[in-house]
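Asks: would you be able to build a 3D model of this:
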Amino acid sequence: MRRTRSEHGVVAALFAVMVSTGVVIAMGALVIDVGQIALERQELQTGADAASWTIASRCVQKPADCTMAKQSLVASDYANRNTKDGSADAQICLSNQTALCTAWKSPGACPPTTVTGGTSVEVRTSTRTGTSTLLPPAFASAMSGSVSSGVMAGACGRVAWGPPGITKVLAMGISMCDWKRMTANGSTFYGPLSPLLSQLGLYSVLGLPAPTAAAESAIPMVTSAKVLLPLPSCTSPIDLTEPRGWVWLADNDLSPPDANCELTLKVGDLPRSFLLSGLTQGIPCAGRLQAQLASRQPVLVPIYDEVQGLLSLAPAYRIAGFAPFVFTGYTSLLGGLLSGVGSLLNGGLPGLLQSALCGLSQCILGYFTKTLVPLDSPTFGTGPNFGATVIGRTG
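Replies: Numbers count the residues shown, from 1 in each chain. I've put the predicted structure just below:
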């Protein structure tokens, strides 16, 4: 049906009314100001993320420098450098130094996390424009009747790090005594022989010195007779009852490791070994050892601190943590069935004493290093850190 009245010009008339009353201008100003706030928050988030990850990495590399005073300066630097105007406020809180943390000023809070354990750093960034902590409206302030002085935008970034929790490791345990002896009780580590990634995705913490022949050491295999081996002691005074050496491991129910010679373990587990483990596991795991020698990269091994029932046919080894170890060679591991591989560092066994030692016992050669493993959802162990650290964003 034909309309009796024309509607031409109605839209133009409405637009004229809206312009004359400032509605269109106000809407435009609102859109621009909201966009400016969104951009400010994005810049603050970038600064919080960069600062939290950098601080966490620095804390892993130099724990002595992991203090609120030193790392607050890092947070401020990253917050400023990630804003267009080069100005932002930043606060941090280290989870192991909460007594020094101050009340948050930033409105941007980190989301809750289900990750427990480890150490974390939380960085919150917020607006700073000159001497003000408010982001002023670019256009709305020019509108008639505007009383807004601006808003404070904020963001948060949180990263946690610590020793690994439940993880897959090579089915070869090494005693805490030998770890202490070879690392000077956790103070001496070396970088891997080459920069390639290892099979487990581990990569070395930068700044470690290159290994030399002096870094290498021989570790004898544990014997059921608990023979006193002529190896330098890791305790003072000498404690001959402390477990020493290395051993093939199986699950607590004696089920073998997987096809890659790995077990899934956590701190406190009690994997077992038995008298003929060299035959049942040594041969299947020989390929993995040779692959580690070829790659010259760290592999995660369990560290044990106690042996339960050493004189039994299947003693249990209590897991204290996990350490990255670089294989550089081994002697005859199966009484001649698996021939030895000379040292990658100096072409032979390091020293006459260890040569004599490894002539009586099956030995592995190598050194301990440090590794850092980024994970999307990290799980942390409760034991000490033996050089293996996982790190991940938790907020």
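Asks: rest of the way, CA atoms for contacts and neighbours
Replies: OK.
Asks: helices along the stretch 251-395 of the chain, start to end?
Replies: Ranges of helices within the stretch 251-395 of the chain are 277, 283-295, 352-360, based on DSSP state H, counting those that start in this stretch.
Asks: going by mean pLDDT, which of the ones you listed comes out lowest?
Replies: Taking each of those in turn, the one with the lowest mean pLDDT is helix 352-360, at a mean of 65.
Asks: now the longest strand seen in the chain and helix 283-295, what's the angle there?
Replies: When the chain is scanned for its longest strand (criterion: DSSP state E), the result is strand 316-330. With axes from the mean of the first three to the mean of the last three CA atoms, to 10 degrees applied, the angle from strand 316-330 to helix 283-295 works out at 50 degrees.
Asks: going forward, the N-terminal residue is numbered 31.
Replies: Sure, I'll start counting at 31 from here, so that last one is strand 346-360.
Asks: what's the average pLDDT for strand 346-360?
Replies: Averaging pLDDT along strand 346-360 yields 93.
Asks: other SSEs contacting it?
Replies: helix 313-325, strand 329-338, strand 393-398, strand 418-423 (3 or more CA pairs under 8 Å, 6 or more residues apart in numbering; DSSP states H and E).
Asks: just checking: what are the partner strands of the second one?
Replies: Put plainly, it is strand 329-338. The strands beside strand 329-338 in its sheet (DSSP bridges) come out as strand 202-205 (parallel), strand 346-360 (antiparallel).
Asks: mind checking those for the one nearest to residue 279?
Replies: Proximity to residue 279 (CA to CA) singles out strand 202-205 among the strands paired with strand 329-338, at 5.6 Å.
Asks: which residue ranges form the strands in the stretch 131-280 of the chain?
Replies: For the stretch 131-280 of the chain, the strands defined by DSSP state E, counting those that start in this stretch occupy 149-157, 184-192, 197-200, 202-205, 233-234, 247-250, 276-278.
Asks: considering those strands, which stretch scores lowest in mean pLDDT?
Replies: Ranked by mean pLDDT, the strands of the stretch 131-280 of the chain end with strand 233-234 at the bottom, a mean of 62.
Asks: that older thread, redo the strands paired with strand 329-338 as CSV? Include mean neighbour count.
Replies: Formatted as CSV, these follow (neighbours: other CA atoms under 10 Å):
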stretch, mean neighbour count
strand 202-205, 26
strand 346-360, 26
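Asks: rewinding a little: most tightly surrounded among the strands of the stretch 131-280 of the chain?
Replies: The highest mean neighbour count among those belongs to strand 149-157 (a mean of 28), with neighbours defined as mean count of other CA atoms under 10 Å.
Asks: ok now it, how far from the chain's centre?
Replies: If you compare the mean C-alpha spot of strand 149-157 with that of the full chain, they lie 18 Å apart, counting by CA atoms, centre = their mean, to the nearest Å.
Asks: quick one: strands adjacent to it?
Replies: Using DSSP bridges, the strands paired with strand 149-157 are strand 118-124 (antiparallel), strand 184-192 (antiparallel).
Asks: same list, these, but as TSV with distance to residue 240 please.
Replies: As requested, those are exported to TSV (distance: least, CA to CA, whole Å):
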stretch	distance to residue 240
strand 118-124	32
strand 184-192	24
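Asks: quick check: bridge partners of the residue nearest to residue 137 when sequence neighbours are not counted?
Replies: Closest residue in space to residue 137, ignoring its immediate chain neighbours: residue 184 at 5.2 Å, by CA to CA, 6 or more residues apart in numbering. Note on residue 184: beta-bridge partners residue 156, judged by DSSP bridges.
Asks: looks like residue 184 contacts residue 74 (just checking).
Replies: Yes: look at residue 184 against residue 74 with CA atoms under 8 Å: they come within range, at 6.4 Å.
Asks: joint contacts of these two?
Replies: By the contact definition CA atoms under 8 Å, 6 or more residues apart in numbering, residue 184 and residue 74 are jointly contacted by 155-157.
Asks: of all the residues you listed, which comes closest to residue 334?
Replies: Distances from the shared contacts of residue 184 and residue 74 to residue 334 were compared by CA to CA; the smallest belongs to residue 155, at 43.1 Å.
Asks: which residues touch the closest residue to the closest one other than its chain neighbours?
Replies: Beyond its immediate neighbours in the sequence, the residue positioned closest to residue 155 (CA to CA, 6+ apart) is residue 120, lying 4.4 Å away. By CA under 8 Å, 6+ apart, the contact list for residue 120 reads 78, 102, 105-106, 109, 153-156.
Asks: where does pLDDT dip in the chain?
Replies: 31-66, 159-180, 224-236, 253-270, 306, 308-310, 362-370, 377-387, 389-390 (pLDDT under 70).
Asks: break it down into its domains, please.
Replies: With automatic domain parsing as the criterion, the domains of the chain are listed as 61-170+178-192, 197-419.
Asks: so which of those is nearest residue 425?
Replies: For residue 425, the closest of those is domain 61-170+178-192, at 4.7 Å, according to CA to CA.
Asks: can you redo the strands paired with strand 329-338 as JSON lines with distance to residue 373?
Replies: What follows is those, written out as JSON lines (distance: least, CA to CA, whole Å):
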{"stretch": "strand 202-205", "distance to residue 373": "19"}
{"stretch": "strand 346-360", "distance to residue 373": "5"}
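Asks: which among those is found nearest to residue 276?
Replies: With distances scored as CA to CA, the stretch of these nearest to residue 276 is strand 202-205 (4.3 Å).
Asks: now that closest one: how far from the chain's centre is it?
Replies: 22 Å.
Asks: also stretch 316-327?
Replies: Offset of stretch 316-327 from its chain centre (CA atoms, centre = their mean): 24 Å.
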